[in-house]
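S.K.: sequence-free structure coming up:
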DNA sequence: TTTTGTTGATTGATCCGTCAATAAAAAATA
DNA sequence: TATTTTTTATTGACGGATCAATCAACAAAA
């Protein structure tokens, strides 16, 4: 029963289905039929709207990154001090919307795929750079530049590391613990310098 | 020209070929033919010695872990103080033998595959637990138990995070920088307590 | 003559991407 | 308004490619 104006709805449904399929399977080894089935359409329709599978995967990653970016922008509106800004950036990565098993699995899978796909690699680099500069914007108010750089790098590595360990259901059990761990690091690194 | 006693040589060659193939492709999506070709044999022979592809991949991961374990044991012989033991554990993960692009790519790929394969997941959990206890054995000599636990967790996350970022050729450019970053963390965490 | 090593050829399954066909809505035309 | 035409939505069926795994066959050593 074809109704007009389906395109945006189908695209969104297919992207959601892609995330959940990847999340469940734990890798990008999901078939177009599997994804289309979850979205309640035929695989031919998925191809109709996205062309090749690569493009659906790319669109999916773009969608995840866009959500993260939006969350980040929202989170960066309220904090006033530099120190609070750093905490806000960290917290976003472990918010309910981001720290979901499905999303984490997708992140990990996309990280791997990025080694094959230049387009995906570019996307992830944009995210990495943005995370770094967001962290830095807070840290430079507290630490000298070169040390702020190093702390930002360590914080980013901690975030990635906690994600990967979460994907294996090993190590940190939940978002609260993960945040506490990073905050503990930041506190020992910043407390003496800034004294609040 | 069949010579007797080929089995161990072929097995080893096939495992090496698997690592290099995965390292180059950046994922486990390598064909048996590709691997066999690199090892200079037919794909049929790879199946002859390893049965299914899964088992070759599993054997490869086991091999990587065994090398890491051996390196770790060696590294843990020399250090005398608790503090030095912690540094030794960290250093092994970034030694020339371990911090190779191929090996890093393989690690990452296996992390993803572990979400599908229970056998692989078990292997990685063994490694994670061992890393944790190795770190802890040094840290408990310096910090109270609960805090030692947290520092070990953070250090492990840092190692994983730096690996993943290295795989993307983003962030830390080399092993020396990576080690310095973790040592910097450890130093701020431990210096006040242990005073050398 | 049995064991060990080895491969080319083949089978069977999976899966991406295409295409022709169908049907409803919208637009254009009479 | 009634009709034709075009656009949008949708799918089943299929071609073609890839690959894991098997097997029969062959050769050298024991």
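M.R.: That came through fine. Bear in mind that the values here come from a model prediction, so they are computed numbers and not experimental data.
S.K.: show me the contacts for the closest residue to DNA strand D within chain A.
M.R.: Taking C-beta to the nearest atom of the strand, DNA strand D has its nearest neighbour within chain A at residue A:44, 3.1 Å off. Heads up, the C-betas are built off the backbone N, CA and C, glycines and all. Contacts here follow C-beta atoms under 8 Å, 6 or more residues apart in numbering or on different chains; on that basis residue A:44 touches residue A:36.
S.K.: how about it, secondary structure?
M.R.: helix (DSSP: H, G, I helix; E, B strand; the rest coil).
S.K.: hmm, who's touching the least confident helix or strand in chain A by mean pLDDT?
M.R.: Across the helices and strands of chain A, mean confidence by mean pLDDT, DSSP states H and E is lowest for helix A:175-194: a mean of 88. Identification of contacts with helix A:175-194 by C-beta under 8 Å, 6+ apart yields A:82-83, A:86-87, A:90-91, A:94-96, A:99, A:142-143, A:151, A:154-155, A:158-159, A:162, A:166, A:172, B:150, B:153-154, B:157, B:185, B:188-189.
S.K.: what residues does chain A put near DNA strand D?
M.R.: Chain A comes close to DNA strand D at residues A:2-7, A:10, A:40-45, A:48, as judged by C-beta under 7 Å from any atom of the strand.
S.K.: for burial, what's the neighbour tally of residue A:105?
M.R.: The number of residues packed near residue A:105 is 24, by other C-beta atoms under 10 Å in any protein chain shown.
S.K.: name the helix or strand for it, please.
M.R.: Using DSSP states H and E, residue A:105 falls within helix A:101-113.
S.K.: buried residues in that helix, which are they?
M.R.: A:102-113 (16 or more other C-beta atoms under 10 Å in any protein chain shown).
S.K.: again, but for stretch A:39-56
M.R.: A:39, A:41, A:43, A:45-46, A:49-50, A:53, A:56.
S.K.: likewise stretch A:7-27?
M.R.: Per 16+ other C-beta under 10 Å, stretch A:7-27 contains these buried residues: A:10-11, A:13-23, A:25-27.
S.K.: go on, stretch A:168-186?
M.R.: So stretch A:168-186, judged by 16+ other C-beta under 10 Å, has buried residues A:168, A:170-172, A:175, A:178-179, A:181-182, A:185-186.
S.K.: distance of residue A:175 from residue A:94?
M.R.: Separation of residue A:175 from residue A:94 (C-beta to C-beta, to the nearest Å) stands at 4 Å.
S.K.: now the nearest residue to residue A:96 once chain neighbours are set aside: how far from DNA strand C?
M.R.: Distance criterion C-beta to C-beta, 6 or more residues apart in numbering or on different chains; nearest residue to residue A:96, sequence neighbours excluded, is residue A:175 at 7.6 Å. Distance of residue A:175 to DNA strand C, given as C-beta to the nearest atom of the strand, to the nearest Å: 32 Å.
S.K.: do the same with residue A:187
M.R.: 47 Å.
S.K.: could you report the neighbour count for that residue?
M.R.: 12.
S.K.: any idea how far it lies from residue A:163?
M.R.: From residue A:187 over to residue A:163 the distance is 21 Å, taken as C-beta to C-beta.
S.K.: next one: residue A:183
M.R.: 16 Å.
S.K.: the buried residues of stretch A:7-27 also near chain B: which ones?
M.R.: A:25-27 (C-beta under 8 Å from any C-beta of the partner chain).
S.K.: all strands of chain A, in order?
M.R.: Taking DSSP state E, chain A contains no strands at all.
S.K.: near chain B, which residues of it?
M.R.: Residues of chain A lying near chain B (C-beta under 8 Å from any C-beta): A:25-27, A:29, A:105, A:108-109, A:111-116, A:121, A:124-125, A:128, A:150, A:153-154, A:156-162, A:164-165, A:167-168, A:170-172, A:181, A:184-185, A:188-189.
S.K.: which ones among the residues of chain A next to DNA strand D are found in helices?
M.R.: The helices, defined by DSSP state H, take in A:7, A:10, A:43-45, A:48 from those.
S.K.: pick out whichever of those residues sits closest to residue A:35.
M.R.: Nearest to residue A:35 among those is residue A:43, at 7.9 Å by C-beta to C-beta.
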